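Engineer: Predicted model follows, preceded by the sequence.
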Amino acid sequence: MSMAIRIPAESAEAELLRQIEFLIRKLAAGAATPNEVQLLQELQKRRVEMMRPKPHAPEGRRAFVA
């Protein structure tokens, strides 16, 4: 089951997942070049960064308490 199904098809995250899945399939078939393997690693790192929760800006009264 593809992870791209769970996110909007037009999002940047969906495009990133499509690229990762393509490169994984190519690697599994033994047809990936060393540059494609490196690209896959970089895209996977970017995916991990996208999945990390973003820090929220303080809201309300607590925003002014140090």
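Structural biologist: Yep, that arrived.

Engineer: And the residue nearest the centre of this structure?
Structural biologist: residue 47 (2.0 Å; C-alpha atoms, centre = their mean).

Engineer: Quick check: chain neighbours aside, which residue is closest to that residue?
Structural biologist: Closest residue in space to residue 47, ignoring its immediate chain neighbours: residue 16 at 5.9 Å, by C-beta to C-beta, 6 or more residues apart in numbering. (C-beta placed from N, C-alpha, C; glycine too.)

Engineer: What mean pLDDT does the helix or strand hosting residue 47 get?
Structural biologist: Secondary-structure assignment from DSSP states H and E places residue 47 in helix 34-51. Helix 34-51 shows a mean pLDDT of 95.

Engineer: Which parts of that helix count as buried, going by neighbours?
Structural biologist: Within helix 34-51, the residues that count as buried by 16 or more other C-beta atoms under 10 Å are 40, 43.

Engineer: Tabulate the CA atom coordinates of it in CSV.
Structural biologist: Only the C-alpha atoms of helix 34-51 are listed here, as CSV (Å, rounded to 0.1, in the frame of the first residue of the first chain):
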residue,chain,number,x,y,z
PRO,A,34,25.1,5.5,-7.7
ASN,A,35,23.7,9.1,-8.2
GLU,A,36,20.1,7.8,-8.0
VAL,A,37,21.0,5.9,-4.7
GLN,A,38,22.4,9.2,-3.3
LEU,A,39,19.3,11.1,-4.5
LEU,A,40,17.1,8.5,-2.8
GLN,A,41,19.0,9.0,0.5
GLU,A,42,18.6,12.7,0.3
LEU,A,43,14.9,12.5,-0.5
GLN,A,44,14.4,10.1,2.4
LYS,A,45,16.1,12.6,4.7
ARG,A,46,13.8,15.4,3.4
ARG,A,47,10.8,13.2,4.0
VAL,A,48,11.9,12.7,7.6
GLU,A,49,12.2,16.4,8.0
MET,A,50,8.7,17.0,6.6
MET,A,51,7.3,14.4,9.1
